[in-house]
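1. prediction below, plus the sequence it came from.
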Amino acid sequence: KHPSITHCRLCELDGAVIEIAKAHFECVHRNVFDDARLQVVTGDGLAHLQTTADRFDLIYLDLTDPGGAAAELYTQAFYADSRRALNPGGALTLHIGSPFSHPARVTAAIADLGAVFGCVTPYFVHVPMYGASWGFAVASDTLDLAALDAATINARLVSRNIADRRWYNGAMHHAMQALPEYVNHMLL
């Protein structure tokens, strides 16, 4: 609940997902649905992104796997729509799959993001629920995650009063960008 954040928008295709989250996952959402700065849009996020005139500092995607109707959310065309909806200096972030279980998906996502954005930073974390290392990427025309040193990250966390963390800090920021050789070979 940082005071400099003036508004956020959450697009969710299925309103029941929001209601279930409200009822059962307060430890995750921490009552964000009571924050007047949050606007919840129930409906097709792709259509919303393509039709809104609003611009965003961050577009954060938590998507289903790239099959069926969700497949078009993993395309260069969608990434270009996202880029158009970003403010200068803004970023898109999303999961790109497991480098062990989905190497082709990871490779394709990084290539497709790189065809649209000037700077793409993949990073990987262990996700206990999936029992595997899982890939994510931040795509921007200007934001280079590797350029932020650990001390700056830690100072920003303190200045923004982001204290109740279990995992993230300046050292972890850089650690999750360190790629094992099998992932490096996939991204060449």
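-> Okay, I see it.
2. SS state for Thr6?
-> Here Thr6 is recorded as coil under DSSP: H, G, I helix; E, B strand; the rest coil.
3. for it, which non-adjacent residue is closest in space?
-> Arg37 (6.4 Å; Cβ to Cβ, 6 or more residues apart in numbering). C-beta coordinates here come from the backbone N, C-alpha and C atoms, glycine included.
4. residue contacts, the one you found?
-> Arg37 makes contacts with Ile5, Thr6, His7, Cys8, as judged by Cβ atoms under 8 Å, 6 or more residues apart in numbering.
5. check Val1 and give its pLDDT.
-> Heads up, residue 1 is Lys, not Val. Here, the pLDDT recorded for Lys1 equals 53.
6. re the thing from before, can you pull the phi and psi angles for the residue nearest to Thr6?
-> phi -80, psi -10 (degrees, to the nearest 10).
7. from Asn184, how far out is it?
-> For Arg37, the distance to Asn184 (Cβ to Cβ, to the nearest Å) stands at 40 Å.
8. Thr93 now?
-> Applying Cβ to Cβ to Thr93 and Asn184 gives a distance of 21 Å.
9. could I get the contacts of Arg37 in CSV, plus columns for pLDDT, distance to Thr51 and neighbour count?
-> Listed next are the contacts of Arg37 as CSV, based on pLDDT from 0 to 100; distance: Cβ to Cβ, whole Å; neighbours: other Cβ atoms under 10 Å:
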residue, pLDDT, distance to Thr51, neighbour count
Ile5, 71, 24, 13
Thr6, 77, 22, 6
His7, 83, 18, 11
Cys8, 90, 19, 15
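10. which among those gets closest to Leu188?
-> Comparing the contacts of Arg37 against Leu188 with Cβ to Cβ places Cys8 closest, at 36.8 Å.
11. between Thr93 and Asn184, who's got more neighbours?
-> Thr93 (18 against 10; other Cβ atoms under 10 Å).
12. A strand includes Val106, no?
-> No. Assigned with three-state DSSP, Val106 falls outside any strand and is helix.
13. so who does it touch?
-> Ile96, Gly97, Ser98, Pro99, Pro122, Gly135, Val183, Met186, Leu187.
14. I'd like to know which of these are buried.
-> Those of the contacts of Val106 that meet the buried threshold are Ile96, Gly97, Ser98, Pro99, Pro122, Gly135, Val183, Met186, by 16 or more other Cβ atoms under 10 Å.
15. okay if I get these as TSV plus secondary structure?
-> Putting the buried ones among the contacts of Val106 into TSV (three-state DSSP) gives the following:
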residue	secondary structure
Ile96	strand
Gly97	strand
Ser98	coil
Pro99	coil
Pro122	strand
Gly135	strand
Val183	helix
Met186	helix
